[in-house]
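[1] Coordinates for the following, if possible.
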Amino acid sequence: MNFDIRDGETFIESELTIVQNTGEGDLVLDGEADALTLLSISLDGKDLVEGVDYTIDGDTLTIVSSLLPTTADGTSVLKTKVKVHPEKNTQLSGLYKSGSMYCTQCEAMGFRRITYYPDRPDNMAIFDSVRIEADKEAYPVLLGNGNKLEGGDVEGDRHYAVWEDPYPKPSYLFCIVAGKLGSVSSSYTTVPSGRKVHLEVYSEPENVSKLGHALESLKKSMKWDEDTFGLEYDLDVYNVVAVNDFNMGAMENKGLNVFNTAYCLADPKSATDLDYERIESVIGHEYFHNWTGNRVTCRDWFQLTLKEGLTVYRDQEFSGDMMQSHAVKRIEDVSSLRGRQFAEDAGPMSHPVRPDSYISMDNFYTATVYSKGAEVVRMYRTLLGKDGFRKGMDLYFERHDGNAVTCDDFLSAMGDANGVDLSQFSRWYQTNGTPTVKYSSKYDEEAKTYYLTLTQESNSDEPLLIPISVGLLDKASGEEVVATKVLELKEKEQTFEFDGLNGDVLPSMLRGFSAPVKLVRAEADASEEEDLAFLAARDTDGFNRWEAGQKLYTSLIFQTLEGNQDESKTLDYVEEAFGRALNMDGNDYSIQAYALTLPSESTLAEEMTVVDPVALHKARGDVRESLARKYLSEIRAKYDELTEAMESSGSGEDI
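    Residues are numbered from 1 along each chain as shown. Okay, the predicted model is just below:
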């Protein structure tokens, strides 16, 4: 390809090598009529005539089959030249101008706004030469996918650069950037191959001082993927560009990631801890796509969760390791899931993680495809264990590197690598809505056996395979007598037995939020809040300890909303839990902060049949104010303690 960037218009020449696939038929190329002006077209050196050799109908260009190769080893070369107007491209899809910079965004269907091409994710090709030419003073930086082959000056104060990507990729991963950019750079040596990779993060010159954290996050991501999944980077260069006008958070273009500045820039003087964590997470997410999305991509857009759900799971695990607290990360992710995805599941936009239809491809980028998709991947990890999941990932890459595949291919790799049948688990991909799991239990003192009965309800015609992680705590001592065990709920109703117990126990259910479900007791129990207070104080699972406190807060807020707070002991339990969290030992202040935070209004609304936003806001505020007044001196003391510690440490990084 050749990009000739001029003021007001850009000329794009493409040379496609066409190989006969299976079957017969015309060659149909995608190209949006409002974006492209076709200037010339030829096949094997012969100029084609519109109406005879090809037709343009709406957003497609069709070349008649009689001109195409007819044998499997036959090839033809198609050359096109088009004109586009990036300065007028307000869709920010295809090639457009952002401030003083030209850049591209091709996912999902933007490449057809650049040239005529079979713009589908299963059409993977090697872009062996992409030449970019522009004014040297206005656009001194010219970037493309892959490795830079050459560059230099041309007449008229212009210059050029040629880039090559040696790996086959779908057109949605194509990218070029041209602009006057500043940067920070470093290098990373991969393990075990020892490839020295040049790393560079670009932005507009005035933002260069804010790029350091993104660069360090990239190095951490590269090492984490090597250590955790044995996946090395495969090019000599890795570039990241921060763009002001960008219609996504970030984009994983091969070797040339493009980021919205909000997810790349961090000013030490103003950025919060959350800003730093978010940048680290998104940098990681786009880097991890190099294997889960780029080297192995999705066959069609219905499989979007294959790359996005899997990569979200990977960036969640990365962030948990970087934070050194998977419990905190799990709390954050589940809170987001319940606040956004559960609401989506309960509304008119409810759809499976693998949707079966769409009106516009842009509608596919949902919390269900991303966040619930990540939960589906996490359930593989829960069912198969850490080593089993890694075996499945290894087989997945061994089988499908360089290919466009489906969710079923991923499931098959996971099952085959571990010798298990996961056909029932596949129902998660086609079931919308949030399943409900109900539980009841009893302890047989004579048999020293605890019986736990689980039932499931979902929109699936057949039962789902739901992993329920459970631990048991002795009611008398509070000691954990059964460590976390994964129960495989495969039927509408199942009873699980735990024998050899010398006393009654309390279950710690759905540890680590092992499945994206709503968990409820089969029958109301007067001791439920007492049990929650017990778990909030003694559960060994960090997530469930937080969850128990959240349920107590929720109960008190709803009682306040209904005006019957004085009729229960809930306030006593909540005050006890809040006070204990405020005086929590240790230095994991993140989990302490979450333990002191009431459920969000969006999470609370999920529990209501009819939502009254004003009343809910007031009830939550009343509970919050009540706790603040009771523990005012303790909260002030904690604030002063942490402020003093931060000031003494200088940066606060150890706090």
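
[2] Does Met222 touch Tyr233 like I think?
    Yes: assessed by Cβ atoms under 8 Å, Met222 is found in contact with Tyr233 at 5.8 Å. Where you see a C-beta, it was placed from the backbone N, CA and C, and this is true even at glycine.

[3] shared neighbours, the two?
    188, 190, 197 (Cβ atoms under 8 Å, 6 or more residues apart in numbering).

[4] Of those, just say which sits nearest to Thr60.
    Val197 (39.7 Å; Cβ to Cβ).

[5] after the host helix or strand of that closest one comes which helix or strand?
    Element membership for Val197 (DSSP states H and E) is strand 196-203. Using DSSP H and E, the helix or strand that follows strand 196-203 in sequence is helix 212-229.

[6] Quickly find the element holding the nearest residue to Leu535 once chain neighbours are set aside.
    Sequence neighbours aside, Ala548 is the residue nearest to Leu535 in space, at 3.8 Å (criterion: Cβ to Cβ, 6 or more residues apart in numbering). Applying DSSP H and E as the criterion places Ala548 in helix 542-562.

[7] can you pull the buried residues of that helix?
    542-561 (16 or more other Cβ atoms under 10 Å).

[8] what about the helices in the stretch 151-300 of the chain?
    Ranges of helices in the stretch 151-300 of the chain, per DSSP state H, counting those that start in this stretch, are 212-229, 273-288.

[9] for those, which one ends up most surrounded?
    Mean neighbour count (mean count of other Cβ atoms under 10 Å) peaks for helix 273-288 among those, with a mean of 21.

[10] What is it packed up against?
    Under the contact criterion of 3 or more Cβ pairs under 8 Å, 6 or more residues apart in numbering; DSSP states H and E, helix 273-288 touches helix 212-229, strand 237-243, strand 250-251, strand 256-260, helix 304-323.

[11] Mean pLDDT added to these, as a markdown table?
    As requested, those are exported to a markdown table (pLDDT from 0 to 100):
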| stretch | mean pLDDT |
| --- | --- |
| helix 212-229 | 98 |
| strand 237-243 | 96 |
| strand 250-251 | 96 |
| strand 256-260 | 97 |
| helix 304-323 | 97 |
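
[12] Adding distance to Lys329, write the ones you listed out as TSV.
    Output for the helices and strands packed on helix 273-288, formatted as TSV (distance: least, Cβ to Cβ, whole Å):
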stretch	distance to Lys329
helix 212-229	14
strand 237-243	23
strand 250-251	19
strand 256-260	22
helix 304-323	4
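
[13] right, and those - which one's nearest Glu647?
    Closest of these to Glu647 is helix 212-229, at 22.2 Å (criterion: Cβ to Cβ).

[14] Just the buried residues of stretch 37-45, please?
    38, 41, 43.

[15] and which of these is nearest to Leu274?
    Nearest to Leu274 among those, with distances taken as Cβ to Cβ, is Leu38, at 48.1 Å.

[16] What's the local residue count around the residue lying closest to Trp224 once chain neighbours are set aside?
    Leaving aside its sequence neighbours, Trp224 sits nearest to Phe318 (Cβ to Cβ, 6+ apart; 5.1 Å). Residues near Phe318, counting by other Cβ atoms under 10 Å, number 24.

[17] give me every residue that touches Phe318.
    Per Cβ under 8 Å, 6+ apart, neighbours of Phe318: 220-221, 224, 228, 281, 284, 288.

[18] what's the distance between Val353 and Glu491?
    Distance, Val353 to Glu491, using Cβ to Cβ, to the nearest Å: 23 Å.

[19] Next secondary structure element downstream of the host helix or strand of Met393?
    Using DSSP H and E, Met393 maps to helix 373-400. Following helix 373-400 in sequence order, the next helix or strand is strand 404-405 (DSSP H and E).

[20] Name the surrounding residues that touch that next one.
    121-122, 124, 170, 296-299, 303, 306.

[21] Put the buried members of the residues you listed into a ChimeraX selection.
    This is how ChimeraX selects the buried members of the contacts of strand 404-405, with burial counted by 16+ other Cβ under 10 Å:
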select :121,124,170,296,297,298,299,303,306
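
[22] possible to save the contacts of strand 404-405 as JSON lines with distance to Ser270?
    Shown next, in JSON lines, are these (distance: Cβ to Cβ, whole Å):
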{"residue": "Pro121", "distance to Ser270": "39"}
{"residue": "Asp122", "distance to Ser270": "44"}
{"residue": "Met124", "distance to Ser270": "43"}
{"residue": "Pro170", "distance to Ser270": "38"}
{"residue": "Val296", "distance to Ser270": "39"}
{"residue": "Thr297", "distance to Ser270": "38"}
{"residue": "Cys298", "distance to Ser270": "38"}
{"residue": "Arg299", "distance to Ser270": "44"}
{"residue": "Gln303", "distance to Ser270": "40"}
{"residue": "Leu306", "distance to Ser270": "38"}
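
[23] what separates the residue lying farthest from the centre of the chain from Asp499, distance-wise?
    Farthest-out residue of the chain from its mean C-alpha position, per Cα atoms, centre = their mean: Glu446, at 49.6 Å. For Glu446, the distance to Asp499 (Cβ to Cβ) stands at 12 Å.

[24] Please apply the same query to His213.
    Applying Cβ to Cβ to His213 and Asp499 gives a distance of 53 Å.

[25] And Pro121, by the same measure?
    Distance from Pro121 to Asp499, by Cβ to Cβ: 51 Å.

[26] cool, Glu107 as well?
    From Glu107 to Asp499 the distance is 53 Å (Cβ to Cβ).

[27] Looking at the two, which is more packed in?
    Neighbour count, other Cβ under 10 Å: between Glu107 and Asp499, Glu107 has more, with 23 against 10.

[28] SS state for the more buried one?
    With DSSP: H, G, I helix; E, B strand; the rest coil as the basis, Glu107 sits in coil.

[29] Asp128 and Tyr167 touch, don't they?
    No: Asp128 lies out of contact with Tyr167 (Cβ under 8 Å); the separation is 10.6 Å.

[30] So the two - more neighbours on which side?
    Tyr167 (19 against 15).

[31] any idea how far Asp234 is from that one?
    7 Å.

[32] shared neighbours, these two?
    By Cβ under 8 Å, 6+ apart, the residues touching both Tyr167 and Asp234 are Arg295.

[33] ok, Asn145 - contacts?
    Asn145 touches 127, 130, 163, 165, 169, 173-176, 253-256, counting by Cβ under 8 Å, 6+ apart.

[34] Pipe those residues into a markdown table and attach neighbour count and distance to Arg314 per row.
    Shown next, in a markdown table, are the contacts of Asn145 (neighbours: other Cβ atoms under 10 Å; distance: Cβ to Cβ, whole Å):
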| residue | neighbour count | distance to Arg314 |
| --- | --- | --- |
| Phe127 | 20 | 26 |
| Val130 | 22 | 29 |
| Trp163 | 26 | 27 |
| Asp165 | 25 | 22 |
| Lys169 | 24 | 19 |
| Leu173 | 25 | 18 |
| Phe174 | 27 | 23 |
| Cys175 | 29 | 22 |
| Ile176 | 24 | 27 |
| Asn253 | 29 | 18 |
| Lys254 | 26 | 17 |
| Gly255 | 28 | 19 |
| Leu256 | 27 | 20 |
